[in-house]
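> From the sequence below, what's the structure:
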Amino acid sequence: MKKIVLSFSFLFLVSCGGTGQSEANPAEKTSQQESASVAESPQVSSVLAKNQPPAIPDVPTQEADLSKMIEIPGGEFTFGMEEDHLRHWVSSGNIYFQGIEEQYRKELIIPERQVTVETFYMDRFETTNKEYKEFLDATGYKPANTDNYLKEWTENGSYPDWTENFPVVWVSKDDAMAYSRWRGKRLPTEQEWEKAARGTEGLYYPWGNLHPKRETTNISSKKLELVGNRPLDISPYGVYDLGGNVSELTSSVTEAGRVITKGGSITSISRNCRTYGRSMVRDSSFRSESLGFRCVADPR
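Below is the predicted model:
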């Protein structure tokens, strides 16, 4: 694919990943209600959401079954991108314009730093159509904004049988938070997601430091797959599909309210598999064909 060269520096905002729009010159804040901590930096956008989901009908919520989740031990880990990797990040994209390197410097976490998170548990796989349908059947949840909601489900409010274990897509952060609350869980912060993906050795990809091959992870394919279908796409802790299939929503937002997403997807290029990559979507109602989620839970 040819690289598009633009002679002007601000035709549009360039996303750091494959699902959304990026935020220029954000500032960093950290919610006291979240356990992850982030070093102060004027370049970093990582305002952590208060994680208050939209209301769901008054039905009993579940208690998260931690035995079916992966424990991610607390402690320090390397968060963000090395300064030396920025030029490669820029050159590996499909668009170039004067000033793009500085634009990315504002959008990515540069330089890398040591961040501490508390112990948490993460779902081994992305949330599936089957699991999301269980939530709808139990709660009768209906989002206030229905634009593109479950766009590829059938008219009777279900999914094709053969996709029951595919990741649910065309759901927003609001939808994901309502689901996670019902499950007795929550969405991960950006920092928690990255810790689960790269471990304590600062891995470039969930599976290590080797560039992905076609069989490693599901990216740029335009077709979703069963969760866990790529056994090589596994993190040091045993979490699957953090490199591809769908990009994943987090509870973290920029100061302007853009939602931070992590991971590669069926519509992204290979650099978005990198553990330090990040994308942003415009708000908590945004939905797309390549955006899904998984949940985390706190120890009891």
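
> what packs against the host helix or strand of Asp137?
Using DSSP states H and E, Asp137 sits in helix 129-139. Helices and strands touching helix 129-139, by 3 or more Cβ pairs under 8 Å, 6 or more residues apart in numbering; DSSP states H and E, are helix 173-182. From N, CA and C alone the C-beta is placed, and that goes for glycine too.

> chain center to the helix it packs on: distance?
14 Å (Cα atoms, centre = their mean, to the nearest Å).

> between that helix and helix 129-139, how many degrees?
Interaxial angle, helix 173-182 versus helix 129-139 (axes from the mean of the first three to the mean of the last three Cα atoms, to 10 degrees): 70 degrees.

> what's helix 173-182 packed up against?
Helix 173-182 is packed against helix 129-139, strand 247-253, with contacts defined by 3+ Cβ pairs under 8 Å, 6+ apart.

> what about 7 Å?
Applying 3 or more Cβ pairs under 7 Å, 6 or more residues apart in numbering; DSSP states H and E, one finds that helix 173-182 makes contact with helix 129-139.

> all strands of this protein, in order?
In the chain, the strands defined using DSSP state E lie at 4-6, 47-48, 69-72, 75-79, 95-97, 113-117, 120-123, 247-253, 259-262, 279-281, 291-292, 296-297.

> average pLDDT for the second one?
On average, the pLDDT along strand 47-48 is 49.

> got it, and the last one?
Across strand 296-297, the average pLDDT comes to 98.

> weakest of the strands of the chain in terms of mean pLDDT?
strand 4-6 (a mean of 42).

> now Met122: how far from Pro60?
Met122 sits 24 Å away from Pro60, going by Cβ to Cβ, to the nearest Å.

> Comparing the two, which residue is more hemmed in?
Applying other Cβ atoms under 10 Å to Met122 and Pro60 shows that Met122 carries more neighbours, namely 25 against 8.

> My guess is the more buried one contacts Lys68. True?
No: using Cβ atoms under 7 Å as the test, Met122 is too far from Lys68 to be in contact (11.0 Å).

> In the stretch 151-300 of the chain, what residue spans correspond to helices?
Counting by DSSP state H, counting those that start in this stretch, the stretch 151-300 of the chain has helices at residues 173-182, 190-198.
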